[in-house]
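**Q** here is a sequence with its predicted model. Questions after.
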Amino acid sequence: MLKEQNRWHELKPNSMLYTLLIEKIPRPMLSNYFRWTSEHSREESLVTLCDWMVDETEYRVRAQESIQGLSTLSQRKFIDNDRKQQRTCTGVHGHGRNQVGN
């Protein structure tokens, strides 16, 4: 959506939106984000933050499933559908998770 509106400046690391979002993330999670950007050789940006959030969410769901398991098949279908929707951050990417704007 931001790309479609030619608001490329909002995707950059020093943008107001990026700064506001970073300030809302708890320190332990922010540390994980910075580690993730380094391990994946990614520049800090709104697109990178979105990609990390999708990955982090998937890991947390998998961890939760490992500990508690799933009680019904219907829950499993709900989680699978939810994961498919989480794989893209259409507000940032527009058409897919791995697109990166310059």
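**A** Received, thanks.
**Q** thought Leu17 was touching Val47?
**A** No: with contact defined as C-beta atoms under 8 Å, Leu17 and Val47 do not form a contacting pair (11.7 Å). Where C-beta positions appear, they are placed from N, C-alpha and C, glycine not excepted.
**Q** when the two are compared, which one has more neighbours?
**A** Residue environment comparison for Leu17 versus Val47 gives the larger neighbour count to Val47, 23 against 16, counting by other C-beta atoms under 10 Å.
**Q** if I look at that one, how far off is Thr37?
**A** Noted for Val47: a distance of 11 Å to Thr37, by C-beta to C-beta, to the nearest Å.
**Q** so in the chain, which helix runs the longest?
**A** Of all the elements of type helix in the chain, the one with the most residues (DSSP state H) is helix 46-68.
**Q** what residues of that helix count as buried?
**A** Across helix 46-68, burial judged by 16 or more other C-beta atoms under 10 Å covers Leu46, Val47, Thr48, Leu49, Cys50, Asp51, Trp52, Met53, Val54, Asp55.
**Q** also stretch 15-32?
**A** Within stretch 15-32, the residues that count as buried by 16+ other C-beta under 10 Å are Ser15, Leu17, Tyr18, Asn32.
**Q** mean confidence score for that stretch?
**A** In this model, stretch 15-32 carries a mean pLDDT of 90.
**Q** got the CA coordinates for it in PDB?
**A** Taking only C-alpha atoms (Å, rounded to 0.1, in the frame of the first residue of the first chain), the coordinates of stretch 15-32 have been written out as PDB:
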ATOM      1  CA  SER A  15      11.200   7.200   8.600                       C
ATOM      2  CA  MET A  16       8.800   8.400  11.300                       C
ATOM      3  CA  LEU A  17       6.600   5.300  10.900                       C
ATOM      4  CA  TYR A  18       9.600   2.900  11.200                       C
ATOM      5  CA  THR A  19      10.800   4.800  14.300                       C
ATOM      6  CA  LEU A  20       7.400   4.700  15.900                       C
ATOM      7  CA  LEU A  21       7.100   1.000  15.400                       C
ATOM      8  CA  ILE A  22      10.500   0.200  16.700                       C
ATOM      9  CA  GLU A  23       9.800   2.200  19.900                       C
ATOM     10  CA  LYS A  24       6.700  -0.100  20.500                       C
ATOM     11  CA  ILE A  25       8.600  -3.300  20.400                       C
ATOM     12  CA  PRO A  26       9.800  -4.700  23.800                       C
ATOM     13  CA  ARG A  27      13.600  -4.700  24.200                       C
ATOM     14  CA  PRO A  28      14.000  -8.500  24.200                       C
ATOM     15  CA  MET A  29      12.100  -8.800  20.900                       C
ATOM     16  CA  LEU A  30      13.900  -5.800  19.500                       C
ATOM     17  CA  SER A  31      17.200  -7.500  20.200                       C
ATOM     18  CA  ASN A  32      15.900 -10.500  18.300                       C
END
